[in-house]
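structure, please.
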Amino acid sequence: MNDCRYPQDLHIHTIFSQYDSSVVPEQTPELIAGVKHATVLGISDHFEHFADNAYDRYVARLRSLNVLIGTEVDGAPSVGHATDLYFDYYIYHCYDRAADYQAVEKLLATNKPIIIAHPNALHTDLYRVPRECLVEINNRYIWQTDWLAFYGPHKSRFQYVISSDAHQPSWLGQSVARRAAAELDIRETLLKDILAPANSDVS
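Alright, predicted model coming up:
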């Protein structure tokens, strides 16, 4: 019997996001894999927190748990370094700055899925974001804005993913984000349906 509640969750933080004060010590990759609140799990710790001293450990640990290897990149300054390393997908902070929109093109050149993180919270101008990007509806932030007004004009322009943005075990949920998606009449795109053939073993 499949007891998973959600089809996927790609925006999850663990103790590898070592400088994020919202992450609790119990939020380990092993806990995420064990709870398995979604059929497809991806961990996407803050790139700037682990890339320089823990990248190899991060990748090895996530591979051992059979979860997707993502990372959350905080705007243009980190994009060059992040694209030099292997990830299954990128979650990207696109602030409303010219350099951040320009850096999206470099991320897209990796041919990996690019997820624009909680654009409503970062004041991202979705009119400036390439259609090839996925846009996130994020349980942590969606309720803080008028989702119909923010996402409504763009609901046909993009494919969307729904995420928890969990930093703690009790945050492993997507209820509000899924309510917003339903009101917007947005159907979630599953990463397994868009990954390159080389990664088609994702289940």
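
from here on, contacts and neighbour counts on C-alpha atoms
Will do.

for the most centrally placed residue in the chain, which non-adjacent residue is closest in space?
Note on the chain: the residue nearest the mean C-alpha position is His11, at 3.7 Å, using Cα atoms, centre = their mean. Distances taken as Cα to Cα, 6 or more residues apart in numbering put Asp165 closest to His11, at 4.9 Å, once the chain neighbours are dropped.

secondary structure element holding Leu85?
Counting by DSSP states H and E, there is no helix or strand that carries Leu85.

start at 512 instead
From this message on, residue numbering opens at 512, which makes the last subject Leu596.

that older thread, just give me the neighbour total for the residue nearest to His522.
By other Cα atoms under 10 Å, the residues close to Asp676 number 25.

show me what contacts it?
By Cα atoms under 8 Å, 6 or more residues apart in numbering, the contact set of Asp676 is 522-524, 649-651, 682-683.

of the residues you listed, select the buried ones using a ChimeraX command.
To isolate the buried ones among the contacts of Asp676 in ChimeraX, judged by 16 or more other Cα atoms under 10 Å, type:
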select :522,523,524,649,650,651,683
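
from the contacts of Asp676, which land in helices?
The members of the contacts of Asp676 all map outside helices under DSSP state H.

what about the residue nearest to the centre of the chain, distance to Gly684?
11 Å (Cα to Cα, to the nearest Å).

helices along this structure, start to end?
Applying DSSP H to the chain gives helices spanning 540-546, 558-561, 566-575, 590-594, 609-619, 630-633, 658-662, 686-695.

for the ones you listed, which one sits closest to Asp704?
Across these, the minimum distance to Asp704, taken as Cα to Cα, is reached by helix 609-619, at 17.2 Å.

give the other helices and strands that that closest one contacts.
Packing contacts for helix 609-619, counted by 3 or more Cα pairs under 8 Å, 6 or more residues apart in numbering; DSSP states H and E, involve helix 590-594.

overlap of the contact sets of His522 and Gly684?
Contact criterion Cα under 8 Å, 6+ apart; residues shared by His522 and Gly684: 675, 677.

can you list the weak-confidence ranges in this structure?
512-515, 707-714 (pLDDT under 70).

have a look at it and report its longest strand.
Ranked by residue count under DSSP state E, the longest strand found in the chain is strand 549-557.

now do the same contact list for the closest residue to Trp658 other than its chain neighbours.
The shortest distance from Trp658 to any non-neighbouring residue, by Cα to Cα, 6+ apart, is to Ala691 (6.6 Å). Counting by Cα under 8 Å, 6+ apart, Ala691 touches 648, 653, 658-659.

filter those down to the buried ones, PyMOL style.
Burial among the contacts of Ala691 is assessed by 16+ other Cα under 10 Å; the matching PyMOL selection reads:
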select buried, resi 648+653+658
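
closest to Tyr671 among the contacts of Ala691?
Scanning the contacts of Ala691 for proximity to Tyr671, where the rule is Cα to Cα, the winner is Ile648, at 7.0 Å.
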